[in-house]
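K.L.:
any chance you could fold what I've pasted below:
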Amino acid sequence: MTQGLDPDRLFPADPETRSIARDLFAAVERHPIISPHGHVDPALLVEDRAFPDPADLLVRYDHYVTRLLHADGVPLGELGIPRADGAPVAPPREVWRALCSRWRLFAGTASGYWLRSELAELFGIAEEPDAENADALFDRIQATLATDGFRPRALFDRFGIEVMATTDDPMDDLAAHETLAADPTFTGRVVPTFRPDAYLNPLAPGFADRIGRLAEWNGTAASSFSGYLEALAGRRRYFVEHGAVSADHGVLQPLTVDLEAAEAAALFERALRGDLSPAEAAVFQGHMLLQMARMSVEDGLVMTVHPGVLRNHHTATFEGFGPDTGHDIPVTTRYTEGLRPLLEKYGDTPGFHLVLFTVDESTASRELAPLAGFYPSVFIGAPWWFLDAPDAVLRFRAATTETAGFYRGSGFIDDTRAFLSIPARHDMSRRLDAAFLSRLVREGRVERAAAERIIADLVTTQPRRVFKL
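P.N.:
So this is what the prediction gives:
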C-alpha cells in the first residue's frame with residue numbers, strides 16, 4: 001500500500017473550486033517561511049551535527065506523536081524519552097518499530113499528515129510504514145541523515161526559512177544566538193523569545209530561586225519588588241539587543257489584575273516565602289501579566305499569550321519523565337473580562353501588539369474575533385496545538401473572518417520542536433488558506449484578484465507586520 005502525496009490534498013472536492021485553490025496555492029507555495037514562534041533549540045544550528053537517528057528526529061521530541069502512542073499503551077520509556085531516575089530507555093530502532101507498527105493510529109490526525117509529508121518529501125518514502133518494513137525504513141532514513149544535505153543548516157536553507165524564533169528562559173545568556181548572528185557562513189535569521197512564565201507564577205517550582213538569580217544579576221535585593229520589576233525590564237532589554245521581537249506568556253487563564261504598588265509588593269514578599277494561596281497566586285500572576293504589557297509598550301516587544309492549557313495533568317508522568325511529555329490538556333478559557341484591565345490601559349496604544357491564542361474553539365467567534373475587531377493592539381493567534389489540524393483550521397477561518405476579516409490575525413505559527421515538520425506545517429496552512437479563499441471566490445464573496453492578494457499577505461506580509469519583522 002502506498003501513501004504518495006496527492007498534489008491536490010486539502011483542496012475542495014468541487015472541481016471548479018479546487019482549480020481556484022490550486023492556483024492560489026501555487027502563487028505562495030515557494031514563498032519563504034516566517035516562523036515567529038517555535039521551540040527548536042538554536043544549538044541545533046550552531047553545532048550543525050547530523051541528526052542521530054529516525055526515532056530521535058521524528059518521534060522522541062514530538063509530543064503529538066508520543067502522546068497518541070502512549071494512549072495506545074506504549075510506555076514513554078519505550079519511546080526513547082529519558083526517565084528522571086536515569087533508567088534505560090528503548091533503543092532507537094525499537095522506538096521506530098513502535099511508531100511503524102501503530103501507524104494506523106495517525107490516520108486523519110494532524111501529526112499523521114505532517115509525518116506523511118516529511119517521509120515523502122524529505123526521504124522519498126512512498127510506502128506506508130508498518131511492522132514488516134520498519135527496519136528497512138529505519139535504515140533508509142538513517143543513510144539519508146548521514147549525508148551533508150541533511151545537516152540542520154542545509155535543511156534550514158532548503159526549507160526556505162527566512163526567520164525562525166526560539167523560546168528562551170529570561171536568564172539565558174543567548175550565546176547560541178550570538179554565535180549564529182556573528183557567523184558569516186550562516187545567512188538565516190534566528191531570534192530569541194522572552195518566556196518569563198516561571199518568573200511570574202509564584203506556584204512554579206523553584207520560583208524563589210529564580211527570583212534570587214534575577215536579583216543577583218540586577219544587583220538588587222531579592223525581596224525588592226521594584227528591583228524585581230527593574231530586573232525583568234533589564235532582561236527584556238538584553239533580549240531586544242540580541243534580536244528578540246516578542247515576549248511569550250503561557251498562562252492557565254488570561255487574567256490581568258491592576259493592583260496598587262504596595263499591594264503587589266506585599267504579595268511578592270509572601271510569594272517568595274511560599275505563603276500564597278492558589279487564588280492569591282493567580283492575582284499576583286495576573287498583575288504581572290499586566291506589567292508585561294506595560295513593558296511591551298515601553299520596549300516594543302510583541303506580547304503573545306498562550307493560555308488555556310493545564311500543564312502536566314498526570315503527576316506520575318511528570319515525576320517520571322518531566323514536562324512536555326504529552327499530558328498537557330486544554331481547559332475552558334475566558335478572555336473578555338480577564339483582559340479588560342490590560343486593554344483599558346493599553347488596548348489602543350500605538351505600537352503595542354497583543355497576540356491572543358486559544359485552544360478553546362468556542363472563544364474564536366465569541367471573544368477573540370470581536371476583541372481583535374475593535375482594539376488596534378489585538379491580533380488573533382493562529383490555530384494552535386490541539387487546533388492546528390486541517391478541519392480545525394478551516395473552522396477557525398470561518399469563525400473569525402466573518403467578524404475580524406483576514407488582517408487581524410497573526411499569520412501562521414508552527415509552534416514546534418520538531419524541526420523537520422516546519423515546512424509540512426506551513427505547507428498545510430497555505431493549502432487551507434487557498435481552500436478557504438477559493439470557496440469565497442466561487443461563491444462570489446471575494447474577487448479573484450483580492451484572494452490572490454490576501455493569500456500572499458497571509459503568508460508573508462501579515463506575520464512580518466504583526467511581529468514587527
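
K.L.:
work out for me the element the closest residue to L105 other than its chain neighbours sits within.
P.N.:
Spatial nearest neighbour of L105, excluding adjacent residues (CB to CB, 6 or more residues apart in numbering): L68 at 5.4 Å. (C-beta placed from N, C-alpha, C; glycine too.) Taking DSSP states H and E as the definition, L68 sits inside helix 63-71.

K.L.:
coming back round to it: so the residue nearest to L105 touches S111, yeah?
P.N.:
Yes - counting by CB atoms under 8 Å, S111 is a contact partner of L68 at 7.1 Å.

K.L.:
shared neighbours of these two, anything?
P.N.:
By CB atoms under 8 Å, 6 or more residues apart in numbering, L68 and S111 have no common neighbours.

K.L.:
any chance you could spot the residue sitting in the middle of this protein?
P.N.:
D415 (2.0 Å; CA atoms, centre = their mean).

K.L.:
quick one on the thing from earlier: report how many residues lie close to the residue nearest to L105.
P.N.:
Around L68 there are 18 other residues, counting by other CB atoms under 10 Å.

K.L.:
same check, this time on S226
P.N.:
Using other CB under 10 Å, S226 has 12 neighbouring residues.

K.L.:
Q253 too?
P.N.:
Counted by other CB under 10 Å, the residues lying close to Q253 total 17.

K.L.:
got it, and the one 5 residues further on?
P.N.:
The local packing count at D258 equals 14, with neighbours defined by other CB under 10 Å.

K.L.:
just list the residues touching it, thanks.
P.N.:
H287, L290, P341, K345.

K.L.:
between these, which is closest to L420?
P.N.:
Nearest to L420 out of the contacts of D258 is L290 (CB to CB; 38.6 Å).

K.L.:
just how off-centre is the helix or strand containing R439 within its chain?
P.N.:
Assigned by DSSP H and E, R439 falls within helix 422-442. The chain centroid and the centroid of helix 422-442 are separated by 19 Å under CA atoms, centre = their mean, to the nearest Å.

K.L.:
tell me the buried residues in the helix or strand following it?
P.N.:
With elements assigned by DSSP H and E, the helix or strand that comes after helix 422-442 is helix 448-456. The neighbour-count check on helix 448-456 (16 or more other CB atoms under 10 Å) flags A451, E452, I454, I455 as buried.

K.L.:
who's in contact with the closest residue to the first one other than its chain neighbours?
P.N.:
Read that as A451. Spatial nearest neighbour of A451, excluding adjacent residues (CB to CB, 6+ apart): L437 at 4.3 Å. Shown in contact with L437 (CB under 8 Å, 6+ apart): I20, A21, L24, V446, A451, I454, I455.

K.L.:
poorly predicted segments of the stretch 1-150 of the chain, please.
P.N.:
Applying pLDDT under 70 to the stretch 1-150 of the chain flags residues 1-3.

K.L.:
for V309, phi and psi?
P.N.:
phi -130, psi 120 (degrees, to the nearest 10).
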